[in-house]
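[1] Structure for this input, please:
(one chain, ligands or ions: 1)
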Amino acid sequence: MKFFIDSADIQEIRMVSQLGLVDGVTTNPSLIAKSGRNRKEVLKEICEAVKGPISAEVNSLKSDEMYTEGMELAKIHDNIVIKVPMTEEGLVAVRRFSSEGIKTNVTLVFSALQALLVAKAGATMVSPFIGRLDDISTDGMKLIEDIVRIYDNYDFQTEILAASIRHPVHILQAALAGADICTVPYKTLKQIASHPLTDKGIEIFINDWKKSQNV
Ligand code: E4P
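    Residues are numbered from 1 along each chain as shown. Just a heads-up that it's a prediction; the model follows:
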């Protein structure tokens with residue numbers, strides 16, 4: 001499973017990129033707003049920091065406007081993937097982008113049937129939002145399992161990108177379900193690297209090593 005970082009904060013993106021933990025980046029309008037920076041500038045810096053797919057979301061609602069906005073974003077770097085919302089207009093734009101070899105990521109997907117349409121439109125990636133489903137007492141991970149099954153049944157090439165990840169167990173479940181990619185906030189990515197028994201084990205070994213030096 002590939003790891004993407006879900007962030008528009010260039011400092012944290014550089015940090016995890018140095019660790020070699022990141023295969024790509026997803027941004028969205030809220031994350032760009034949180035960065036307090038100009039969208040184009042921040043996307044350019046992200047593309048320089050991470051050599052992998054970088055999702056940049058359009059803010060238009062009509063397919064023609066999505067196309068124009070997406071083509072502008074695509075000029076920033078070859079690794080830009082155009083993130084398009086899961087609407088009928090969005091699917092029209094996806095079809096147009098894919099016919100021109102532009103990669104796409106369809107976002108805000110909350111049902112397996114929406115994901116089926118996304119694959120049929122020829123999208124590169126589909127982003128089912130796990131955490132936001134859990135927030136409304138619906139099993140988000142069941143959605144990933146259903147999409148994996150449908151895509152396997154028909155051999156769709158669209159990659160399943162588990163999004164709206166809130167905690168380490170989401171990552172584990174997405175990996176077990178067979179998601180191709182998991183996009184993870186910085187804090188959660190750091191959480192999965194540590195374990196209290198690892199810390200305790202290191203402490204014991206260091207103390208024992210010190211004792212053995214006195215022999
Ligand atoms: C994915 O591409 C989205 O940017 C993101 O995962 C949304 O997560 P949230 O539901 O925590 O805002």
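[2] Go ahead and confirm Ala74 touches Gly101.
    No - applying C-beta atoms under 8 Å, one finds Ala74 not in contact with Gly101, separated by 9.9 Å. Bear in mind the C-beta positions are built from the backbone N, C-alpha and C, glycine included.
[3] which one's the longest helix in the protein?
    Longest helix in the chain by number of residues (criterion: DSSP state H): helix 196-213.
[4] what comes up buried for that helix?
    By 16 or more other C-beta atoms under 10 Å, helix 196-213 has no buried positions at all.
[5] hang on, the earlier thing: of Ala74 and Gly101, who's got more company?
    A direct count of neighbours by other C-beta atoms under 10 Å for Ala74 and Gly101 places Ala74 higher, at 19 against 7.
[6] Contacts only, for that one.
    Contact analysis of Ala74 by C-beta atoms under 8 Å, 6 or more residues apart in numbering lists 80, 82, 102.
[7] mind running it again at 10 Å?
    Applying C-beta atoms under 10 Å, 6 or more residues apart in numbering to Ala74 gives the contacts 56, 80-82, 97, 100-103.
[8] so which of these is the most crowded?
    Neighbour max across those (other C-beta under 10 Å) = Ala56, 29 neighbours.
[9] To which secondary structure element is the residue nearest to that residue when sequence neighbours are not counted assigned?
    Spatial nearest neighbour of Ala56, excluding adjacent residues (C-beta to C-beta, 6 or more residues apart in numbering): Leu73 at 4.5 Å. Here Leu73, judged by DSSP states H and E, is contained in helix 63-74.
[10] Heading C-terminal from that helix, find the next helix or strand.
    strand 80-85.
[11] Show me what that next one packs onto, helices and strands only.
    strand 24-26, helix 39-49, strand 54-57, helix 63-74, helix 88-99, strand 104-109, strand 125-128 (3 or more C-beta pairs under 10 Å, 6 or more residues apart in numbering; DSSP states H and E).
[12] Skipping its backbone neighbours, what lies nearest Glu10 in space?
    Actually, residue 10 is Ile. It isn't Glu. Counting by C-beta to C-beta, 6+ apart, Ile10 lies nearest to Glu45, which is 5.0 Å off, once chain neighbours are set aside.
[13] follow-up on the earlier one: keep only those of the contacts of Ala74 that are also close to the ligand.
    By C-beta under 6 Å from any ligand atom, no member of the contacts of Ala74 lies near the ligand.
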